[in-house]
Each structure stands twice: as C-alpha cells, then as structure tokens.
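> could you work out the structure for the sequence below:
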Amino acid sequence: MALQRASRHEERVRFHVDAQQESSQSHALKRFLKSVDRRLPKDKAQNFRAYLDFPIDTVSLTGESFNLLEKVYDGRDPVYHCHFTDKDVEEDWMRYRIDTLDSKTFWRRDAWSKLKSRHNSVMVVDLPAEQEGLRPEPYVYFVDVTSVVDYGGADEQFDWLVYSIGDNKYVHVDETHFQVFDMFVGDLYAKELSSSEHGLGRCPARFFLSDHLKDGEKGVMRSPISGEVGNLDYLQFIMTSKKIADSHGSFPIYWQYTQECDFTRDHDNASCSGGYLKTNDGINVMRGNSPEKCPVCAESSLTGAGSLIEVDPPSSKDDPMITPPAGIIQTDVLTLKYLVEEETRRRRQFITAVTGNPIEVTSDQAVNVTQVMSLMEQGKAAILKVKRSLEQAHQWVDTTICELRYGSFFTNCSVNYGTEFFMVSADMMLNLYIEARAKKLDGTILDGLLDQYYETKHRHAPEKIQREMIISHIDPFRHLWEDAVTSMYSMGYIDFKDYMTKVNLTSYIKRFERENGDVTHFASQAYDEDGIKLSFDRKIAKIRDVIKTYIGDPKPIIIEEPLNNTVNE
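Numbering: from 1, shown residues only. Now for the predicted structure:
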C-alpha cells in the first residue's frame, strides 16, 4: 500500500535527520544493521554495533544541509498577498494572519520541522468546535502519515480523508463535514461522536509536499534528501568504521612470546592451561558462567587498554622468523587515511547533491568572485526546488482559510518566497565586492555586489537598506578608491566639487542631515516647485546640489608619491 511505503521511506529519512532518536529497533535501523551484517563477519558486525552511537553521525550533516536550504525563507523579494472585495475584510485578514495564525512562525518553525523529518505529513484546515467571534476561526495542523488510514482524490486536493486520533477514534473529512467516529472492537459499525459542517465545498486536506518520490506513484512524497538516503547509509558505515579504526590507534594490539606457566592450586588440584585453570581431568574450573583465569597469567597481562596476543617463540636460533620477545602492531596509516578521505569525499558529495554547494563558503577563506558567484547560483537552484513545494502548500492553506473565514469576500491568493536569496554572509559579500573592484570588473557587476551586501547586512532593517542605497547614489564615483579619484583630479579629468564630494562624503552627509534631516526622509518628501514628487534621479541630484554648496574654491592637489591604485587610462 502506498501509505505504508510512504511511512517506511519517511522513517529512513528520519533515521538520518532526527537528533532525538534512540537506539530503538526501528525499521530503518534494522535495515541498516542488516546491510552491516551482509558486509562484515559476525564478530566484526557485533563490534560495529558497539561503536554505533545515537543520534548517528549523519544527523549533523543533514542538519547542515537543511540549514542551507532554510534560506528559502530569506528571499530578498517575497510576495504574500490575498485579494478581497472589501478593504475592511483585507485588514481583518492581515490581523488574523499575524495575531491568530502566527503565519511566519508556523511556516518557518512548524512546517520546516515537518519538511525535515515528517515530509509525508498531511495538512488539514479545521474549524473550532464552537465559534466565538463574528467570523469562523479556521486553523491548520499536520497529521502524520502513520495516522492516515485512507484518502480519496488527488494528492494535491483530497476528496475525503480518514485518520486516527488514538483510543480507537477516527476523523473523517470530506467536502461538507468533519466527523469523529468511535470504532467498536469486534463490531462492523462505528458510532458517530460528533459532526460539524464546514461548507467549503471541497475537502480541506492535502499532502504537505507535492513532489512525488516516483512519477505516477500516489501518496509517496519526496524529501530534499530522498535521493541520498542510500548514500547516507553507506556514509554512516564509513564513519562508524573510522571510529573503530581510531580506537585501534589509541589502544593498539601488543604481542609477546608464549610463556609456559607452571601454576598449580592445591585445594582443587587445578593448574594453568593456556591462561585458564583446569582440573587434572582437563575440565575447566568455572567462576560463575565463565572459565576461571590463571591468576599468574592475569597479572602478567596488560594493565591498561588494548589487546594482548601471544605468539610461539622461535624453535631455534636459526629460525628465519626470529623476532624480538615483545612488540606492538601499529595501526595501518593507509587505512586511516583512506577512511578520512572517503568520509570527506562523501560528505561533500552529499552537500553538493542536496544544496548545490560543494564547499562551505566562510568569510575567512580566500575568495574567488567567479567561483563563489557560481556556487551561489547552484545553491539558488537547489532552494528553488524546495521553494516550489512550500509555496504551493502555503498558498493552499491561506486560500482554504480565507474561503472558510470570508466566503465570497475572498477572490484569490498569491504566495511567492522570492527569486533571490541571501546565500552568503554580509562579510563574504563585502569581500567579493572588494575583490571585484580590485579586478576592475564591469560596473554593473559591482553595483549588484554592493547592493547585495547592503541587503544582506540590513536584511531585517529595510530603512537602513534604503539609506545605504541613497548614499551610494550620492557618491559621484561609487566604485573608485580615493587615491584613484585624487589622481584623476590632479590630471584635470574631474571637477573639484565632485572630487571633494567623494573624499569628504561622510562629513558632508552628516552636515546635510543636521540641517535637513535624514537623507531617506528628505528623499521621500522631495517635491518640485509645482508640488509634484520628484523622481529618484532628481532627488539624488538635489541632495548633491546642496552638498556642493558646502565646498569652497578649488585648491591644487600635490601628489608626493606614486599611487598604487590608479584609474584606467
């Protein structure tokens, strides 16, 4: 059955995602351990289990990948809008969406948590048992696929749904009603406990995600890491194997010549035989359920961690296998190196497959603008795949809630998480801009990088973004260093007031704002003599004209040393 396959696949994903898992005998764990048993002899497979810690090691890797994909909520140009025939209804929706539904928290916390570990869940938009306000107060919740008994219709829009709520009770939802039934054990009928009409005209339920694991297979949805669960299983095998190899390096195997032991014990006539006590009849002396060790041999064995084996001494001085009387078996360095490199390779391969980013870009790395921009595009493509499913789910929820709450006053709804995303940190973006400016790349590229830097740095403060943008437009030479501008002025290429505006821009902006108020407010309130609001270009020109009144007569510039950063001739 499709729902059972969905539950099993979801469990395999959760095995590598859920940090709260314990060493329980889940289907995913049993499947993984069976693969271990196929690869290893029985004794080594048992040792492998001793080194398998919970949560397993791949959980941190999948967490890293989901952190990168979560940038889907940090779109630079998102659009959320529902259209109504009445302005008051629209205002009510804005309040209800923020105050009651807590929409931002629901999608970023609850929905994202489901996408990571319960991606095959079902969404249901329900109504409270009793209406308290003037309008219905619908809300949304998730139902685990393990609780779904059956459903009819398309995955994107059910005709009906039946799911369990425990204690032998079931909920039935269709295009007209919500019903709760109590199923009598042993009987062929059910007792209806409650029934309420919603009046939507369609079933308010659908699967959370809309991408199928396999084309044409209903009910089994694709997680962002579905295609990598097999590789994750083997990566966990490699990581656990590396732990075993590491432990052998810390606690190596020692060897020594076999020593003849003549220990005997009078009261039971027991003597040493291969390190264990035996009677004269050759029967092991037992201590509890285990053979008793020889006390002399036990004292001569290792006192710390590690393993000790004994080898037969050479039979004569001419024996070609003569060795020292004791030694240590060193850990195989090549094996350790292989395991480290293989783990690194597979980790990178996983991150690349899921997020599009083969390396983690940090602000303290040497940056290559071309490489990083390419990685940003790959990361964006991976985010767009997740974005589509989330937008469809979000739009369906908002549409369903609005239809239940506002009826014919609601017309349509659009949800778009944006087309550009904050892929790297503000520090990294600034480093990219500085490198691009040093290489004298095209001004369009420099504009884009600097704009992205401001938008990333002030992503939660749009008024600061606007201020930075205005100041950058006031700068007459936005992408040139001061020494380059000084050289241009000394050679007569630029006007004195433009030169002074560039080298003293910060001071002039402060003076302008002391006399005229914040540049952002000034730009938003600037009108011409006919009372018509000025275009952005004319606003910038007006601010520049005011700044130029601060500048006195030109003075010659004397350059005493050659300049390192000059303008292109």
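
> can you list the buried residues in the strand or helix carrying residue 472?
In this structure, residue 472 sits in helix 462-474 according to DSSP states H and E. Residues of helix 462-474 classed as buried by neighbour count (16 or more other CB atoms under 10 Å): 465, 466, 467, 468, 469, 470, 471, 472, 473, 474. For glycine as for every other residue, the C-beta is placed from the backbone atoms N, C-alpha and C.

> nearest to residue 31 among the residues you listed?
Nearest to residue 31 out of the buried residues of helix 462-474 is residue 465 (CB to CB; 49.7 Å).

> where do the strands sit along the stretch 151-300 of the chain?
Here the stretch 151-300 of the chain has its strands, by DSSP state E, counting those that start in this stretch, at 157-166, 169-173, 177-183, 190-197, 205-207, 253-257, 264-265, 270-273, 276-278, 286-287, 290-291.

> got the angle for the first one vs strand 169-173?
In other words, strand 157-166. On the basis of axes from the mean of the first three to the mean of the last three CA atoms, to 10 degrees, strand 157-166 is oriented at 170 degrees to strand 169-173.

> what sits up against strand 157-166?
Strand 157-166 has contacts (CB atoms under 8 Å, 6 or more residues apart in numbering) with 122, 124, 143, 147-153, 170-175, 180, 202-203, 205-206, 396.

> if we can go back for a sec, tell me the most buried of the strands of the stretch 151-300 of the chain?
strand 205-207 (a mean of 26; mean count of other CB atoms under 10 Å).

> quick one: list the elements packing against that one.
Counting contacts by 3 or more CB pairs under 8 Å, 6 or more residues apart in numbering; DSSP states H and E, strand 205-207 is packed against strand 122-126, strand 157-166.

> can you list those strands in CSV and add distance to residue 448?
Listed next are the helices and strands packed on strand 205-207 as CSV, based on distance: least, CB to CB, whole Å:
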stretch, distance to residue 448
strand 122-126, 38
strand 157-166, 40
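
> as JSON lines, the ones you listed with mean pLDDT would be great.
Shown next, in JSON lines, are the helices and strands packed on strand 205-207 (pLDDT from 0 to 100):
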{"stretch": "strand 122-126", "mean pLDDT": "96"}
{"stretch": "strand 157-166", "mean pLDDT": "94"}
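
> can you pull the contacts of the nearest residue to residue 199 once chain neighbours are set aside?
Sequence neighbours aside, residue 176 is the residue nearest to residue 199 in space, at 7.3 Å (criterion: CB to CB, 6 or more residues apart in numbering). Residue 176 makes contact with 197, 198, 199, 200, 201, according to CB under 8 Å, 6+ apart.

> ok, the residues you listed vs residue 381, which is closest?
After measuring the contacts of residue 176 against residue 381 - CB to CB - the closest member comes out as residue 200, at 36.4 Å.

> wait, isn't that closest one in contact with residue 399?
No - between residue 200 and residue 399 there is no contact under CB atoms under 8 Å: 10.5 Å.

> got the buried residues for stretch 87-95?
Across stretch 87-95, burial judged by 16+ other CB under 10 Å covers 89, 90, 92, 93.

> skip the chain neighbours and tell me the closest residue to the last one.
Counting by CB to CB, 6+ apart, residue 93 lies nearest to residue 82, which is 5.8 Å off, once chain neighbours are set aside.

> now do residue 174
residue 160 is the one closest to residue 174 (CB to CB, 6+ apart), at 4.1 Å.

> ok, what's across the strand from that neighbour?
Counting by DSSP bridges, residue 160 forms beta bridges with residue 152.

> for the nearest residue in space to residue 198 that is not next to it in sequence, what are phi and psi?
Excluding the flanking residues, the one nearest residue 198 by CB to CB, 6+ apart is residue 127, at 5.8 Å. Dihedral pair for residue 127: phi -120, psi 150, per degrees, to the nearest 10.

> quick one: contacts for residue 192?
Taking CB under 8 Å, 6+ apart as the contact definition, residue 192 lies against 179, 180, 181.

> separation between the closest residue to residue 98 other than its chain neighbours and residue 391?
Nearest non-adjacent residue to residue 98, counting by CB to CB, 6+ apart: residue 104, 7.7 Å away. Residue 104 sits 15 Å away from residue 391, going by CB to CB, to the nearest Å.

> determine the longest helix present in the protein.
helix 369-406 (DSSP state H).

> and that one, what does it pack against?
Applying 3+ CB pairs under 8 Å, 6+ apart, we find helix 369-406 packed against helix 58-69, strand 79-84, helix 87-95, strand 122-126, strand 139-143, helix 333-355, strand 410-416, helix 426-438.

> what about the third one, distance to the chain center?
What that stands for is helix 87-95. Distance of helix 87-95 from the chain centroid (CA atoms, centre = their mean, to the nearest Å) equals 34 Å.

> distance between the next helix or strand after that helix and the chain's centre?
Remark: after helix 87-95, the chain's next helix or strand is helix 103-105, criterion DSSP H and E. From the chain centre to the centre of helix 103-105 is a distance of 18 Å (CA atoms, centre = their mean).

> list of residues touching helix 103-105?
97, 98, 398.

> report pLDDT for the second one.
At residue 98, the pLDDT value in this model is 90.

> what does residue 188 give?
pLDDT, read off for residue 188, is 56.

> ok, residue 368 next?
On the pLDDT scale, residue 368 is placed at 67.
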